[in-house]
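Novice: Turn this into a model:
(chains A, B and C, ligands or ions: 1)
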Amino acid sequence: MPRPIPVPDAISKPFWDACNERRLIVQVCTMCDRKQFPPEAECRECGWQFHLEWLETSGRGTIVGFSITYDSRIMAWQEEQPFNNAVVALEEDPEINFFSNLPGVPVGDVPVGATVEVDFIAVSDDQLIPEWKVVE
Amino acid sequence: MAILLSFDIDGTLELGDPPGGVTIDMVRKAIDLGFIVGSCSDRPLSSQRRMWASLDIEPDFVASKHQLGLVRAQFDDADAYYHMGDRDTDESAAKENDFGFWWHTEAELEPWLELVNSD
Amino acid sequence: MARAIHWERNEDPVGIWEHRGKVVLAGAGHSKNTDRRWDGVSMDRTLGAYVVEAARAAMDDAGISPEDVDGIVTSAGGQPAHMSLGSQWGPLRPFFDAPYDSEDGLTYVTAEWIQKQMNLPNVQYMNSHGETVWNLIGLAAQVVGDGRCEVCLVPYPNGNIEGRYHQNPSLEARGGAQWSNPWGWGLSGQGFVFDQYARKYGTNHERMAPFVVQEHANGLLWPYSYYAQHEPGPFTTEDYLNGRWIARDLSIFDCDRPVQAGACYIVTTAERAKDMKQQPVYILDHTESAFTPRSLVQTLDDTESWTDIQAKRSYAGSGLRPEDIDVFAPYDGFAVFTQYFLEAFGWRGVKRGEAHDFCADDITLKGPNPINSGGGNMGTGRMRTVFITDPMEQLQGRAGDRQVDIKAEVAVTIGVLPSNAAALAFSTSPD
Ligand SMILES: [Zn+2]
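Specialist: Coordinates of the predicted model:
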């Protein structure tokens, strides 16, 4: 299915490039010791840009909840309906979230609380995006 | 041969909002010809019933847009099932429940008449 | 994080509003018709025409003439900036003769456009940046209190060109969309928070039914409701439970129906209102809030903490306590987030997780707990203005068949989203 492909910008390019190397990275402010995702130009805590670095994550997380989309406004997704929309909390900072459609998990059978591991799937010839799979 | 016709309302029937090209006369004619006729729409069920009552028509069914499967189960001895509407949700509801599908613009041409003529 | 815009009262501690009880709502008006969409042909049913119609009705209601008006504060598109709720008319479709030779008047309506069309000779203050209707009334109340104008016309347009909107055909996910659209995330955000709520408090989506059904019943009693005008039959529990999912747990009957309509209010000083026709409704306070989630999603924890902050701010600004509020109008577009406002404000002692029990009890108009006596958006369509007009009319005792049986002296209304809200407190008395 053709799906919306992320268009990297100056701030997000390192993240998407890392995805292409199958690495999941988030920003970290070395001044505040605070992780930040999605990436921004400045640390939202201290307002400085100079202390923002990229940090490779464990790539592990927990499913904290989900929805199921039946009638999306995003037209590319309409033929996939219904589909899972899970929310993953990152292991090292549960306030950092990622989205997942949990490929292979039947619609509605989302195991809330289960541990998941990042996987990467191709959305175009030159872009991987993070997806997640349940750890047995 | 029993054929079921499921009409979307808004954008499909002439009294829908927006109005569609399928007239109530076409619906009445289909009923007279023995088709199983009802509506399947995003309108509340009670609103669909009120619409039919205002036309003095007793539909064989009313259903929400995601309930074509229930309609099929209710009339499981019909020989063919068709839904018609103006939205992607109409098309996918028809596909998921193995109904034939006509877009509202096709439905205006009363394609169901050919099904009885070819009998 | 709060946005620092000068007129807003969004920095704690806000303190009692400096103009408490000195600014009033003195009139309300609506376009006669509430339409599902504009047909692109009827020039007497454009958004601009509806706003002018509403403004004239509001001036008649207050008993003032065009010469009296010295300010226009509006929200050009009903949303922040000039953004409209629905689509634009142009640039692919041709515009019309003046005054419909641009989007202004068709898909948004600026103060300048209104002033010109209505020939208001004495306007000295104009502002089109009122955002949603709660912020709009707050802005108007502040500028009148600050003395920038004295008799302020406050129109709120609600436009809809095509019926269904926000369809997104793009295969490129740019800006904020790069983090959500590749996974098809959208209204799933509403479903996700409700799912967290249901898990935490042991409730479920079916338990929303009494609230939504009652809102429809109330809305049928408001003459400007889309449903009163176009689908006047009762909406039943069976109807609600048979609604299809948009994104679980958000059903089609939790979504407000986009409409085309105009409304307008007259905001003035308590002093000036003495000469006007209606019993004034005193504005005790306005407060605002805006938040951004820590990461991608707004969680239930975020939702509860943000609405708590807004509720505390509102009480601090008005000096009211929960037990002082007679008429309470929390926004419902989407219906599945109404309980977060209700529980945050603790109206009628409702605590976190108790909203569905509360609504399963008697919330009828003639009962003790008539929440959203105007019907909300579920009962009237996506106008939002019932959240101002109904509390106002309840306090004035002129809500007709909607008039509640309980005492109606103090009202609080809150919207638009838990993440971006404004609260208003109204009273029959300035004290
Ligand atoms: Zn920092």
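Novice: Next, count neighbours for residue C:263.
Specialist: 29 (other CB atoms under 10 Å in any protein chain shown). All C-beta spots, glycine's among them, are computed from the backbone N, C-alpha and C.
Novice: So for stretch C:226-234, could I get the coordinates as CSV, restricted to C-alpha?
Specialist: Taking Å, rounded to 0.1, in the frame of the first residue of the first chain, the C-alpha atoms of stretch C:226-234 are listed here in CSV:
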residue,chain,number,x,y,z
TYR,C,226,-29.1,22.2,12.6
TYR,C,227,-31.2,19.2,13.9
ALA,C,228,-34.1,21.3,15.0
GLN,C,229,-34.2,22.7,11.4
HIS,C,230,-33.3,19.7,9.4
GLU,C,231,-33.7,16.4,11.4
PRO,C,232,-36.3,17.2,14.0
GLY,C,233,-37.0,13.7,15.3
PRO,C,234,-35.6,12.3,18.5
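Novice: okay, and for chain B, where does confidence drop off?
Specialist: B:117-119 (pLDDT under 70).
Novice: Find the residue at the geometric middle of the chain.
Specialist: Since no chain was named, I'll use chain A. residue A:98 (3.3 Å; CA atoms, centre = their mean).
Novice: hm, I was asking about chain C
Specialist: By CA atoms, centre = their mean, the most central residue of chain C is residue C:384, 3.4 Å off.
Novice: Please verify my assumption that that one contacts residue C:374.
Specialist: No - applying CB atoms under 8 Å as the test, residue C:384 and residue C:374 come out as separate, 10.6 Å apart.
Novice: hang on, the earlier thing: does the residue nearest to the centre of chain A have any beta-bridge partners, and if so which?
Specialist: Counting by DSSP bridges, residue A:98 is bridged to residue A:88.
Novice: gap between it and residue C:377?
Specialist: Distance from residue A:98 to residue C:377, counting by CB to CB, to the nearest Å: 32 Å.
Novice: do the same with residue A:129
Specialist: Taken as CB to CB, the span from residue A:129 to residue C:377 is 35 Å.
Novice: Which residue ranges make up each domain of the chain?
Specialist: I'll assume chain A. Domain assignment for chain A, taken from automatic domain parsing, gives A:9-56, A:58-136.
Novice: meant chain C, my bad for not saying
Specialist: As given by automatic domain parsing, the domain ranges for chain C are C:23-164+C:258-273, C:186-256+C:291-431.
Novice: do you know which of these lies nearest chain A?
Specialist: domain C:186-256+C:291-431 (3.3 Å; CB to the nearest CB).
Novice: Whichever residue of chain A sits closest to chain B: neighbour count?
Specialist: Nearest residue of chain A to chain B, counting by CB to the nearest CB: residue A:78, 5.5 Å away. Residues within reach of residue A:78, counting by other CB under 10 Å, total 18.
Novice: Checking it next. Helix, strand or coil?
Specialist: The three-state assignment at residue A:78 reads helix, by DSSP: H, G, I helix; E, B strand; the rest coil.
Novice: which residues of chain C score low on pLDDT?
Specialist: C:1-5, C:80-86, C:163-166.
Novice: who in chain A is up against chain B?
Specialist: Proximity of chain A to chain B is confined to A:70-71, A:78-79, A:81 under the rule CB under 8 Å from any CB of the partner chain.
Novice: same thing but 7 Å
Specialist: By the rule CB under 7 Å from any CB of the partner chain, the part of chain A lying against chain B is A:71, A:78, A:81.
Novice: wait, isn't the second one in contact with residue B:88?
Specialist: When you say that, I think you mean residue A:78. Yes - applying CB atoms under 7 Å as the test, residue A:78 and residue B:88 come out as touching, 5.5 Å apart.
Novice: hang on, the earlier thing: compare residue A:129 and residue C:377 and say which is more crowded by neighbours.
Specialist: residue C:377 (29 against 21).
Novice: Please confirm that the more buried one is located within a strand.
Specialist: No - assigned with three-state DSSP, residue C:377 falls outside any strand and is helix.
Novice: That one: what's it in contact with?
Specialist: Counting by CB atoms under 7 Å, 6 or more residues apart in numbering or on different chains, residue C:377 touches C:256, C:332-333, C:384.
Novice: Among those residues, which one sits closest to chain B?
Specialist: The nearest one, if we look at the contacts of residue C:377 relative to chain B and count by CB to the nearest CB, is residue C:256, at 13.8 Å.
Novice: quick one: secondary structure of that closest one?
Specialist: Going by three-state DSSP: residue C:256 is coil.
Novice: Over to the one 5 residues further on?
Specialist: With three-state DSSP as the basis, residue C:261 sits in strand.
Novice: Give me the nearest residue to residue 17, chain neighbours excluded.
Specialist: Using chain A here. Leaving aside its sequence neighbours, residue A:17 sits nearest to residue A:8 (CB to CB, 6 or more residues apart in numbering or on different chains; 7.6 Å).
Novice: my question was about chain C
Specialist: Nearest to residue C:17 is residue C:285, by CB to CB, 6+ apart, at 4.4 Å.
Novice: For my notes, confirm the one you found occurs in a strand.
Specialist: Yes - under three-state DSSP, residue C:285 sits within a strand.
Novice: Residues of chain B that sit close to chain A?
Specialist: B:88-89, B:92.
Novice: 6 Å - rerun?
Specialist: By CB under 6 Å from any CB of the partner chain, the residues of chain B that approach chain A are residue B:88.
Novice: ok, which stretches of chain B are helices?
Specialist: Ranges of helices in chain B, per DSSP state H, are B:24-32, B:45-54, B:68-74, B:88-96, B:104-107, B:112-117.
Novice: want to throw those into a markdown table with mean neighbour count?
Specialist: Compiled in a markdown table, these are given as follows (neighbours: other CB atoms under 10 Å in any protein chain shown):
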| stretch | mean neighbour count |
| --- | --- |
| helix B:24-32 | 15 |
| helix B:45-54 | 18 |
| helix B:68-74 | 17 |
| helix B:88-96 | 19 |
| helix B:104-107 | 18 |
| helix B:112-117 | 14 |
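Novice: Pull the number of nearby residues for the nearest residue to residue C:225 once chain neighbours are set aside.
Specialist: Nearest residue to residue C:225, sequence neighbours excluded (CB to CB, 6+ apart): residue C:380, at 3.9 Å. Using other CB under 10 Å, residue C:380 is surrounded by 33 other residues.
Novice: Also residue C:381?
Specialist: Every residue meeting other CB under 10 Å relative to residue C:381 is counted, giving 30.
Novice: quick revisit: TSV for the domains of chain C, including distance to residue C:8?
Specialist: What follows is the domains of chain C, written out as TSV (distance: least, CB to CB, whole Å):
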stretch	distance to residue C:8
domain C:23-164+C:258-273	7
domain C:186-256+C:291-431	8
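Novice: For those, give me a markdown table that also has distance to the ion.
Specialist: As requested, the domains of chain C are exported to a markdown table (distance: least, CB to the ion, whole Å):
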| stretch | distance to the ion |
| --- | --- |
| domain C:23-164+C:258-273 | 28 |
| domain C:186-256+C:291-431 | 13 |
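Novice: Would you tell me which of those gets closest to residue B:40?
Specialist: Across the domains of chain C, residue B:40 has its closest neighbour in domain C:186-256+C:291-431 (10.6 Å, CB to CB).
Novice: What is the end-to-end distance of the closest one?
Specialist: Using CA to CA, to the nearest Å, one end of domain C:186-256+C:291-431 lies 44 Å from the other.
Novice: now it, how far from the chain's geometric center?
Specialist: Centroid separation between domain C:186-256+C:291-431 and its chain, computed with CA atoms, centre = their mean, to the nearest Å, is 11 Å.
Novice: Quick one: name the residues of chain C near chain B.
Specialist: Residues of chain C lying near chain B (CB under 6 Å from any CB): C:36, C:231, C:233, C:235-236, C:239, C:242, C:244, C:252.
Novice: Up against the ion, what does chain A have?
Specialist: A:29, A:31-32, A:43, A:45-46 (CB under 5 Å from the ion).
Novice: In CSV, list the helices of chain B along with distance to chain C.
Specialist: Below are these laid out as CSV (distance: least, CB to the nearest CB, whole Å):
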stretch, distance to chain C
helix B:24-32, 18
helix B:45-54, 5
helix B:68-74, 10
helix B:88-96, 8
helix B:104-107, 14
helix B:112-117, 25
